[in-house]
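In: predicted model and sequence below, questions to follow.
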Protein chains: 2
Amino acid sequence: MAVTIKDVAKLANVAPSTVSRVIANNPRISEKTKQKVREAMDELGYHPNFIARSLANQSTRVLGLVLPGSASTFSQNPFFPTVLRGLSEGAHEKQYALQMTTGQSEEEIYEGVVQMVQGGRVDGIILLYSKVEDKVMNYLKERKFPFVVVGKPYKFCEEITHVDNDNFRAAREVTDYLLELGHECIGFIGGDLNLVVTVERLLGYEKALRDAGLDLKNEYIIHEEFLREGGREAINELMQLTLPPTALVVADDLMALGVLNTLDEMDISVPADISIISFNNVLLAEMSRPPLTSVDINIFNLGNEAAKSLIQKVENPQDPIKRIIIPHEIVKRASCSKREKNA
Amino acid sequence: MAVTIKDVAKLANVAPSTVSRVIANNPRISEKTKQKVREAMDELGYHPNFIARSLANQSTRVLGLVLPGSASTFSQNPFFPTVLRGLSEGAHEKQYALQMTTGQSEEEIYEGVVQMVQGGRVDGIILLYSKVEDKVMNYLKERKFPFVVVGKPYKFCEEITHVDNDNFRAAREVTDYLLELGHECIGFIGGDLNLVVTVERLLGYEKALRDAGLDLKNEYIIHEEFLREGGREAINELMQLTLPPTALVVADDLMALGVLNTLDEMDISVPADISIISFNNVLLAEMSRPPLTSVDINIFNLGNEAAKSLIQKVENPQDPIKRIIIPHEIVKRASCSKREKNA
DNA sequence: AACTTGATTGAAAGCGCTTTTATTATTTGA
DNA sequence: TCAAATAATAAAAGCGCTTTCAATCAAGTT
């Protein structure tokens, strides 16, 4: 068995409570005893037991992470490791650890969260996604358990602390940019419509077109949580239209890469024949051929701010609801060009 | 305060110890009382407190994860999310949770591990990398704390349970494949030489060349933990040689993508002018232009087996040292072709 | 009828820490 | 000089659970 507070107490000739106070650096202990106790701790190689501490304090200094269930989403998209790093650094600064729920199905994830929360395993929870309808979020909200979401809550947006980009505006800007380049037939390729981020980006795109006095065409909008598969036919159909789009807004770099490949196979050249702009600006965007013009959403900060604000909320339950908007920026590369007006 | 075992006991009119036994489904409790207690639990919405349980049991059912410090390595390489998923599923099956250390520098990570271990936060540790010299690994080994490493330990390989591919063999096979295609000038582009995986792959490459009776040329071997930057010049130099290589073994898909781009810029065509084969076979490999021939190392399984074997070791300390080799497979795509013999 | 025995359940101690409350030693004030 | 205030430390209770050990009771033995 490891060395405990009692062992230290015995060696230092003080009571366990005194040792505890020395650990907490309580000012009511004289410097002399502190010194003595610290020496004893060093001599024995004492390390406080976190579990015992958690039990006594009713707090664990652990934050729970809820990842999207969809395996491929998580494991292929560089978004997650990056946001994780942001979270991790934010947590580490304040000496918090991160714990993940694990589970495949929606139901398993929910169960995992309940265990974390009711089992007292974590002090707060970070949701790394925002769905249109989410059992987990509802549960946390009902229970008034401290949590933040990375993304924009679909409902009760004003009542839930969240960290997000202004995806609506970003999508508008992106579309405006294409409009400025002279494009009028602009398509949208989005992901899972159950994800709020997809919805927001779609709305921004539509708004920009409407503001420009253009009609929205349903056939220009494709939705699919596709990476390679399904996507191919979708693109095919899109390009087969009598008036195919000359530019595309794609909701995610990874998807854009898929689109790029499909177009390449179809011998459609980017940006000469069609311009592409996408979101997230992960390393891939820079490494594709042609390099993608993409919206940098500052993924790291998204995570970092989420961790920080959750910790604040955990340590001060009175902390007000917050909405933190992380700025974005269009990074122009080589996938967009002026529309050649030959029609 | 949440509902505790005492509340349940009171409502069910039994002793707390009985409730505890019902939770553990102890056979010494009659079905009748079990029923009664379970009803009380349901009525109160009881959830056992994990922390208290951990303290009493001296076990947390949490596995600690140690990620490589280098931020970019982790956050850009799809290897990690995938291995994480494997770990996560393996852990979930046995009802274990995953906790991450966080920390930037080597020293911070080490401190984090010590806290996890000595603080009793975790029952076992998974190292997600293997370095040539690693303080963390030494520490765990000395302390005889249960751990497994994903990768091959550099030292004490026989004394440490690990899950790995046979990277040496894979590299040999890959090189042989290029030799069979008629290539004789084969370069190697590897990552950080402090990582054992790099070393293994390099050795395999060298062995294959030697076995084929070819000389090893130092100028054909490039090492750099490069993604874009530095790499570009390295490739440039390589191709500037009087006898530039006609094929490249690249230690990682992401790197290969960088190489591909650089070559594209230099107007060197793959595979016509130079063949490329790389490792890991992440989604990217399939999505690059041309699609990369790559060694599928079964990343998911790497993680999955690591979790399983660690849990076994945790639950049965007598469990023998194991070395689990995950099979690999060359996935042939379009980045390699026969050498045109015109020289 | 007294005595085991086996099956259930309860009481209590303990996991390692924090914190409230009590105790002792040391000053201080008049 | 002695009570009162202050500082420093110790003792004990409690966090929510598990588990050992003791207690009870019905059933089987002799």
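Out: Sure, I can see it.

In: write out the residues of chain A neighbouring DNA strand C.
Out: Applying Cβ under 7 Å from any atom of the strand, one finds that chain A approaches DNA strand C through A:1-2, A:4-6, A:16-17, A:20-21, A:23-24, A:46, A:48-49, A:52-53, A:55-57. From N, CA and C alone the C-beta is placed, and that goes for glycine too.

In: ok, of the residues you listed, which come out buried?
Out: Buried members of these, counted by 16 or more other Cβ atoms under 10 Å in any protein chain shown: A:T4, A:I5, A:S20, A:R21, A:I23, A:Y46, A:P48, A:N49, A:A52, A:R53, A:L55.

In: rewinding a little: restricted to helices, list the residues of chain A next to DNA strand C.
Out: Using DSSP state H, the subset of the residues of chain A next to DNA strand C located in helices is A:I5, A:K6, A:P16, A:S17, A:S20, A:R21, A:I23, A:A52, A:R53, A:L55, A:A56, A:N57.

In: gap between the residue of the stretch 151-300 of chain A found nearest DNA strand C and A:A97?
Out: Residue nearest to DNA strand C within the stretch 151-300 of chain A (Cβ to the nearest atom of the strand): A:T161, separated by 25.7 Å. To A:A97, A:T161 is 21 Å away according to Cβ to Cβ, to the nearest Å.

In: before we move on, what about A:Y177?
Out: For A:Y177, the distance to A:A97 equals 42 Å [Cβ to Cβ].

In: more neighbours, these two?
Out: Neighbour comparison, A:Y177 and A:A97: the larger count goes to A:A97, with 25 against 20 (by other Cβ atoms under 10 Å in any protein chain shown).

In: how about the nearest residue to the more buried one once chain neighbours are set aside, phi and psi?
Out: Spatially, and ignoring its direct neighbours in sequence, A:A97 is nearest to A:V62 (4.8 Å; Cβ to Cβ, 6 or more residues apart in numbering or on different chains). The phi and psi values for A:V62, taken as degrees, to the nearest 10, are phi -130, psi 140.

In: count of residues packed around A:V62?
Out: Counted with other Cβ under 10 Å, the neighbours of A:V62 add up to 23.

In: wait, what's in contact with it?
Out: Residues counted as contacts of A:V62 (Cβ atoms under 8 Å, 6 or more residues apart in numbering or on different chains) are A:Y96, A:A97, A:L98, A:Q99, A:R121, A:V122, A:D123, B:Q99.

In: name the helix or strand for the residue lying closest to A:M266 once chain neighbours are set aside, please.
Out: Using Cβ to Cβ, 6+ apart and skipping residues adjacent in sequence, the residue nearest A:M266 is A:M239, 6.5 Å away. Element membership for A:M239 (DSSP states H and E) is helix A:231-240.

In: repeat that for A:L209.
Out: Going by DSSP H and E, A:L209 is in helix A:196-211.

In: that helix: how far from the chain's middle?
Out: Computed by Cα atoms, centre = their mean, to the nearest Å, the chain-centroid distance of helix A:196-211 equals 20 Å.

In: on that earlier part again, give me the contacts around the helix holding A:M239.
Out: By Cβ under 8 Å, 6+ apart, helix A:231-240 touches A:187, A:189, A:219-220, A:222, A:224, A:226, A:244-245, A:255, A:258-259, A:262-263, A:266, A:268.

In: wondering if the helix or strand following that helix reaches chain B at all.
Out: Using DSSP H and E, the helix or strand that follows helix A:231-240 in sequence is strand A:247-250. No. Judged by Cβ under 8 Å from any Cβ of the partner chain, strand A:247-250 makes no contact with chain B; its nearest approach is 13.7 Å.

In: related to what we said a few turns ago, next, the buried residues of the helix holding A:L209.
Out: By 16+ other Cβ under 10 Å, the buried positions in helix A:196-211 come out as A:196-202, A:204-209.

In: with stretch A:140-147 instead?
Out: Going by neighbour count (16+ other Cβ under 10 Å), the buried part of stretch A:140-147 is A:L140, A:K141, A:F145, A:P146, A:F147.

In: which ones among these map onto helices?
Out: Mapping these onto helices (DSSP H) picks out A:L140, A:K141.

In: closest to DNA strand D among the buried residues of stretch A:140-147?
Out: A:F145 (15.6 Å).

In: do you know how far that closest one is from A:G64?
Out: Distance of A:F145 to A:G64, given as Cβ to Cβ: 10 Å.

In: and for the two, which residues touch both?
Out: Common contacts of A:F145 and A:G64 (Cβ under 8 Å, 6+ apart): A:V117, A:G124, A:I125.

In: as CSV, those with secondary structure and neighbour count would be great.
Out: Shown next, in CSV, are these (DSSP: H, G, I helix; E, B strand; the rest coil; neighbours: other Cβ atoms under 10 Å in any protein chain shown):
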residue, secondary structure, neighbour count
A:V117, helix, 23
A:G124, strand, 24
A:I125, strand, 25
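
In: and which of these is nearest DNA strand C?
Out: Using Cβ to the nearest atom of the strand, A:G124 comes nearest to DNA strand C of the shared contacts of A:F145 and A:G64, at 18.5 Å.

In: please enumerate the helices of the stretch 151-300 of chain A.
Out: A:167-180, A:196-211, A:231-240, A:253-265, A:283-287, A:299-315 (DSSP state H, counting those that start in this stretch).

In: list phi and psi for A:L127.
Out: Reported as degrees, to the nearest 10, the phi and psi values for A:L127 are phi -90, psi 120.

In: list the contacts of A:D273.
Out: With contact set as Cβ under 8 Å, 6+ apart, A:D273 has these partners: A:T246, A:L263.

In: do you know the pLDDT at it?
Out: Here the pLDDT value assigned to A:D273 is 95.

In: how far away is it from chain B?
Out: 16 Å (Cβ to the nearest Cβ, to the nearest Å).

In: grab the nearest non-local neighbour of A:P16.
Out: The nearest residue in space to A:P16 (Cβ to Cβ, 6+ apart) is A:A9, at 4.5 Å.

In: which parts of chain A sit against DNA strand D?
Out: Contact residues (Cβ under 7 Å from any atom of the strand) of chain A with DNA strand D: A:13-18, A:21, A:28-30, A:32-33, A:52, A:55-56, A:58.

In: so what's A:N13 up against?
Out: Neighbouring residues of A:N13 by Cβ under 8 Å, 6+ apart: A:K36.

In: picking that back up, residues in contact with the helix holding A:L209?
Out: The contact list for helix A:196-211, computed with Cβ under 8 Å, 6+ apart, reads A:130-132, A:151-154, A:167-176, A:179, A:186, A:188, A:190-193, A:215-216, A:221, A:223, A:249, A:251, A:279.

In: contacting residues for the closest residue to DNA strand D within the stretch 151-300 of chain A?
Out: Taking Cβ to the nearest atom of the strand as the measure, the stretch 151-300 of chain A has A:T161 as its residue closest to DNA strand D, at 26.0 Å. By Cβ under 8 Å, 6+ apart, the contact list for A:T161 reads A:F147, A:V148, A:V149, A:S309, A:L310, A:K313, A:I321, A:K322, A:R323, A:I324.

In: which of those residues are buried, as a PyMOL select command?
Out: Buried subset of those, written as a PyMOL selection, criterion 16+ other Cβ under 10 Å:
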select buried, chain A and resi 147+148+149+309+310+313+324
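
In: so which helix or strand of chain A has the lowest pLDDT on average?
Out: Sorting the helices and strands of chain A by mean pLDDT, DSSP states H and E puts helix A:71-76 at the bottom, at a mean of 71.

In: now the element after that helix, going C-ward?
Out: Sequence-wise, the next helix or strand downstream of helix A:71-76 (DSSP H and E) is helix A:79-93.

In: any buried residues in that next one, and which?
Out: A:79-92.

In: quick revisit: angle of the helix holding A:L209 against helix A:167-180?
Out: Helix A:196-211 runs at 40 degrees relative to helix A:167-180, counting by axes from the mean of the first three to the mean of the last three Cα atoms, to 10 degrees.

In: pLDDT of helix A:196-211, averaged?
Out: 96.
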